[in-house]
Each structure stands twice: as C-alpha cells, then as structure tokens.
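Q: predicted model and sequence below, questions to follow.
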Amino acid sequence: MVYHNLKALIKGIRACKTVADERALIKQESAAIRASFREEDSYARHNNVAKLLYIHMLGSEAHFGQMECLKLVASPRFGDKRLGYLGIMLLLDESQEVLTLVTNSLKNDMNHTNMYAVGLALCTFADIASEEMSRDLANEIEKLLGSSNTYIRKKAALCALRVIKKVPELADHFVSKAKNLLTDRNHGVLLSAITLVTEMCQIDPGCLEEFRNAVPLLVRHLKALVTTGYSPEHDVSGITDPFLQVKVLRLLRLLGKGDAQASETMNDILAQVATNTDSSKNVGNSILYETVLTVLEIEADSGLRVMAINILGKFLSNRDNNIRYVALNTLNKVVSIDTNAVQRHRNIILDCLRDGDISIRRRALELSYALINENNVRILIRELLAFLEVADDEFKLGMTTQICLAAERFAPNKRWHIDTVLRVLKLAGNFVREEILSAFIRLVAYTPELQAYTASKLYTALRADISQESLTLSATWVIGEYSEIILEGGLVDEDQPKPITDVELIDLLVSTLDSPYANYLTRQFVLTALTKISARPTTSAAQQERIQTILASYTTSPELELQQRAVEFANLFNLGDIRAGVLERMPAPELKQTVIGVVSENKPVGSVQPSKDVGGI
C-alpha cells in the first residue's frame, strides 16, 4: 500500500503492531518513493520528500532523497523551498560532495526579494556550511550584515559566526559591520552581534583592540537593561532580557581582561548589576554569576572583587545544589587571588563538608585545604579531622595527605604537629601514603624532647587498635627505637607517669605479629623492633631469650624476606659486642626535603612500602 501524504504514512506506521511490521512498511514506502523520484513527478516530489524526512527521523536510510531536496530548493514556491532546505539540513553535512551543488542555490536565495526565503538560505548556511562554502559566500554574508531588515541582519550575524569558525582568517572582513551591529536597538540583532564579536575576539586577539572602544557602548546597553522597568516582550521572571545581559557581561570580560582603562569604564555598571539584580530566582543568579566571573577576570578594584566573592558566599547558603556547587568551584579558582575575602566565608564552606551531595563535599574539601594558613590551622585541621572520621573511603587518602602537609607547613609547635599526625594515624591509618609515614618518623627522630611522649602515645594507641596499618608501622618503629625511654620513664601521656615492663612491651609487639591484620610488611617491622629491644640494657635476660625463640621460629618462614631477617637477627646473638653496635639507635635520617612537593594527589598508591629513610628498616 502506498500512502499519498505524510499524515497517512504516520497513521500507518503508528498502526503497526510489531517492529518487524514497521520495518516492512518503511521498506515498501521507500521503494515507492524511489520509483516516484525516477518518474520526475514534480507535484508528488513535495509529498515524497516530506515522507522521506519522517522516515529519516525514525532512523531509516533516506540519503537517496538528497538530490530531490536540491530540486525543491530550486522551485519558485516558498513551501517547496522550505521543505527542500529542511531536507538539506537533515540529510547533508559539510563532508558530502553534493554540498557544492547547494552553494549556487544559497547564493540565489540570499539575494531573493522575499525576506523569508533569504532567512531559509541563511539558516541552512549556518547549519551546514563547509570551509569551501564559507569562502565562496563570505561576501554575500558581509553584504547582508548591512541589510535594513532586522530579521535578515540577525541571521546574517550567525552565518558570519559560522564563517569565522570555519575560516578564522576571514574575521577581519566582518569587523566594521560587526561594530555597526553593536549600535543596533533590536535585542535579537544585538544578541547575535555580541555572540559574533565575542567569537571574533576569542579567535583573533587582534580584534580585542578593534572592539575595546565599544566598551562604553556595551556599558550603556547593560545600563539600559538593568534600569528598564517591566518590558513584557523581553521579561523573564521579572528581569529584562537576561540572555542579552549575560552575553554583554561575557564580552565585557574579554575586553576588560588586562586593560585597566576598559575595566575602569565598566566598574560602576558591574557594581550596579551586582547590587540591583534579584537573587531570589535562578534567572537573577545566572546574571550575578556572570557578573562575578567578569569582576574576577578584569582589572577591577579591590572593593568590587570583595563584593563578587561575597555574592559567591551568598550562593553557598542557597538551597539549590547546583548553585552551591558552582559557587564552590569558582571560589576554588579565586582563592589564590584574594584569600582574605574567601576566608570570611570559612564557616559556611566548612558546613558544606556535611552536605548530602558528594560533589559538593569534594569541592568544599578542596577549598578548605586552600584556606589553611598559620592563623587558622588549628581550627581548620580540627574540622577536617572531624570530617575524616565520617568521610567516605575515597576521600581519606587525599585528606590524610593534605592534613599532614598543612600540619608540616603551618604547625604552631612540634607537639601539636605530632598530635595531629597521631590523630590521622588513628582515624585513617589504612589510607596514609608512604611519604607521610616517613616524614612523621623523621619528625620524631628530630624531636628528642618529645620522643618519650610520642612513644607513650603510640604504645597506648596500638594497644587500643591494631587494625590501622600506618599506626601499627609507626608505633612498631618508634617502640623498637626508643623502648628504653618508655621502660625507664614509663608512659608519660597521662598526669602521672605509669610504669611499664619489658614483658608488656614485647607482649604488645607479639600480639601485633600474630594478629589477623598483620601483613608481610608489618611482620618485617615487628621482627626488627623486637631485635632492637633485645639489645637494650632495659630488657631482661628472660625476655632476650624469648625474643631469640620468636626469631628462631621465623628462620623457616615461607616468606623469604622474613626468613632472611630472622636468620640474620638470630646470628647477631652470637656476636657479643658487635651485636650492640649493629642494633644501636638509628641516627636521625637526613632531611633531604620535606614531604611537601613530594606527594602528588594523583600518584597511584599501592600498599605502603618500607621507606629507605625509615630508620634503615
């Protein structure tokens, strides 16, 4: 069955009960359309192309109708032209050779007496023009930019945009016409013209100088939009033409960047937009956001910058997640420009760490790191540690790194620094980089006055929790190196030092060795620590024998590294004075560089590996 018009075809396709029926019907109809095309029936052509475009929209093959679309475009009837151009836009793209045949039709219709026919040609050009077509028709487009008809000027500006995207060197052809368009009173023409000028300035920096003298004109346009009362034709939620306002602000941003004079000209109007725009609706927020970006990009005075950052701070208390996310994202970019202004919004940024949206938490976290300085390090680290306790696992590796970096950089004193790292090890010891662990051990080695305090704290923490790998490693290392300090002075992290015996110390390490959390690396650390403890004068002969027995049990371990260590350590017991020299306390590792700069957020991390500067372990 052949359908005589599009309406009947749509009805027929919708009546199909299965996909197979639909495909069979489309195949049959396509064959009938092909046959009709061969008969060159000019009256049926319009109907056939309409049906073919519907078939194309359903995803079936329709390329055989390309030439018929060209024939429709050549028709004197407007209805035929409209359908022909629609077909060309749907069935052709700039990579097809048939496109060269369209150029002549476009040129003819750009000079048509009917403005709507000209509009059709311009729409088609803006959609499919190739580089070659852009070169061929650039002069026609330039001529139409000066048309007395606003409908044509608007469309010609968008065609000029296509030309300069395809052939950037032709941008200078449109400079003078674009300047004239910027004086247009019609909102549609002005919107298209500003879009064109913005693109020209981005493609060719030389155009910036050409258009900088248009800044006062753009400022006047913006002022007129801000001060105009209710305008039903352009009103969106009580704001006059927000689309045009946003475009003007974007162009001002380009023209004001790096130019003090242009920036000075636009300062007042930017302040006016920032203070007079209603922020209760999304439309107003979009204008305020563009204003903020413009202020931060140009050479604005400091008062205006603070106002812009305050607007972003206000966005943070908005209930809309998108607005909060955008504000945090922008503050992350500007925090380096004006840290003090961003600091004023610190509390609300920290509140965002508790937000239900993971993207907002992530951005707030990045911003919190950037805000840390020597004045607020205690407050911010306290907040970050509280967040670390409840954070998702994916945040923990980055957080432990950043907290320890900030502590190293801004710590008010060594004790606070050690306490902070200890807290990190307790809360997220399975998410600590090797570099952070090495830096902590270096810190302990270089702070003899706090070694007893640190060793006591680590001993207590390890007794409470042996599931955190980095905590276990650092505690094992410190206890192994400084066991005599603990045994002589007792646990000093309480009001009254509490005595501790070598049996308790060794029991703790042995329980770590046998725990289900112990891994290959932990066992290496523990064997080394036990051997070191055995060589200290504070360890009794009975405990030395116990350690020898433990080492002997590992001399047949299937883990080669453990077996080798156990055999070598066991042999040391037969070497008398040499053993004491070999196992004496490690000198503080050389401070080649701090951990800052060594750690990269994106560095892949496997399990923590023993570091060469962790006391030679």
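A: Nice, thanks for sending it over.
Q: make it CA atoms for all contacts and neighbour counts henceforth
A: Fine.
Q: surely R536 is within a helix?
A: No. With DSSP: H, G, I helix; E, B strand; the rest coil as the criterion, R536 is assigned coil and is not in a helix.
Q: and for it, the neighbour number?
A: 19 (other CA atoms under 10 Å).
Q: the residue lying closest to it once chain neighbours are set aside sits in which helix or strand?
A: In this structure, R536 finds its nearest non-sequential neighbour in E484, 6.6 Å apart by CA to CA, 6 or more residues apart in numbering. Assigned by DSSP states H and E, E484 falls within helix 469-489.
Q: what about that helix, average pLDDT?
A: For helix 469-489, mean pLDDT is 91.
Q: got it, and stretch 433-451?
A: Here the average pLDDT along stretch 433-451 is 91.
Q: what comes up buried for that stretch?
A: By neighbour count on 16 or more other CA atoms under 10 Å, the buried set for stretch 433-451 is 433-447, 450-451.
Q: before we move on, what about stretch 315-325?
A: F315, L316, S317, N321, I323, R324, Y325.
Q: do the same with stretch 342-354
A: V342, Q343, H345, R346, I349, L350, C352, L353.
Q: switch these over to TSV; also include pLDDT, secondary structure and distance to N571.
A: Formatted as TSV, the buried residues of stretch 342-354 follow (pLDDT from 0 to 100; DSSP: H, G, I helix; E, B strand; the rest coil; distance: CA to CA, whole Å):
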residue	pLDDT	secondary structure	distance to N571
V342	90	helix	62
Q343	90	helix	60
H345	92	coil	63
R346	90	helix	59
I349	92	helix	59
L350	91	helix	56
C352	92	helix	58
L353	90	helix	55
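Q: and these as JSON lines, adding distance to T330?
A: As requested, those are exported to JSON lines (distance: CA to CA, whole Å):
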{"residue": "V342", "distance to T330": "11"}
{"residue": "Q343", "distance to T330": "14"}
{"residue": "H345", "distance to T330": "13"}
{"residue": "R346", "distance to T330": "15"}
{"residue": "I349", "distance to T330": "13"}
{"residue": "L350", "distance to T330": "16"}
{"residue": "C352", "distance to T330": "15"}
{"residue": "L353", "distance to T330": "17"}
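Q: and the contacts of the worst-scoring helix or strand of the chain on mean pLDDT?
A: Lowest by mean pLDDT, DSSP states H and E among the helices and strands of the chain is helix 577-582, with a mean of 81. Outside of helix 577-582, the residues within contact range by CA atoms under 8 Å, 6 or more residues apart in numbering are A535, L572, F573.
Q: stretch 128-140 too?
A: Counting by CA under 8 Å, 6+ apart, residues outside stretch 128-140 touching it are 89, 92-95, 100, 103, 107, 110, 160, 162-163, 166-167.
Q: CA atoms only: put it into CSV for me.
A: What follows is stretch 128-140 as a C-alpha-only set of coordinates in CSV (Å, rounded to 0.1, in the frame of the first residue of the first chain):
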residue,chain,number,x,y,z
ILE,A,128,25.9,23.0,7.2
ALA,A,129,28.4,25.4,5.6
SER,A,130,31.8,23.9,5.0
GLU,A,131,35.2,25.7,4.8
GLU,A,132,34.9,26.0,1.0
MET,A,133,31.3,27.2,1.1
SER,A,134,32.2,29.8,3.7
ARG,A,135,34.9,31.2,1.4
ASP,A,136,32.5,31.3,-1.5
LEU,A,137,29.7,33.0,0.3
ALA,A,138,31.5,35.3,2.8
ASN,A,139,30.9,38.4,0.6
GLU,A,140,27.2,37.7,0.4
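Q: quick check: mean pLDDT of that stretch?
A: Stretch 128-140 comes out at a mean pLDDT of 92.
Q: with stretch 281-294 instead?
A: Rounded mean pLDDT across stretch 281-294 is 93.
Q: list the buried residues in it.
A: V283, G284, N285, S286, I287, L288, Y289, E290, T291, V292, L293, T294.
Q: for the residue nearest to P216 when sequence neighbours are not counted, give me its contacts.
A: Leaving aside its chain neighbours, P216 sits nearest to T265 (6.7 Å; criterion: CA to CA, 6+ apart). Shown in contact with T265 (CA under 8 Å, 6+ apart): V215, P216, V219.
Q: now these: which count as buried?
A: V215, V219.
Q: got the phi and psi for V236?
A: phi -130, psi 110 (degrees, to the nearest 10).
Q: cool, and I239?
A: The phi/psi pair for I239 (degrees, to the nearest 10) is phi -120, psi 130.
Q: would you confirm that it contacts S286?
A: No. Using CA atoms under 8 Å as the test, I239 is too far from S286 to be in contact (11.2 Å).
Q: contact partners for the most centrally placed residue in the chain?
A: Nearest residue to the geometric centre of the chain (CA atoms, centre = their mean): N329, 8.0 Å. For N329, the contacting residues are R363, by CA under 8 Å, 6+ apart.
Q: go on, N430?
A: With CA under 8 Å, 6+ apart, N430 has these contacts: Q468, E469, S470.
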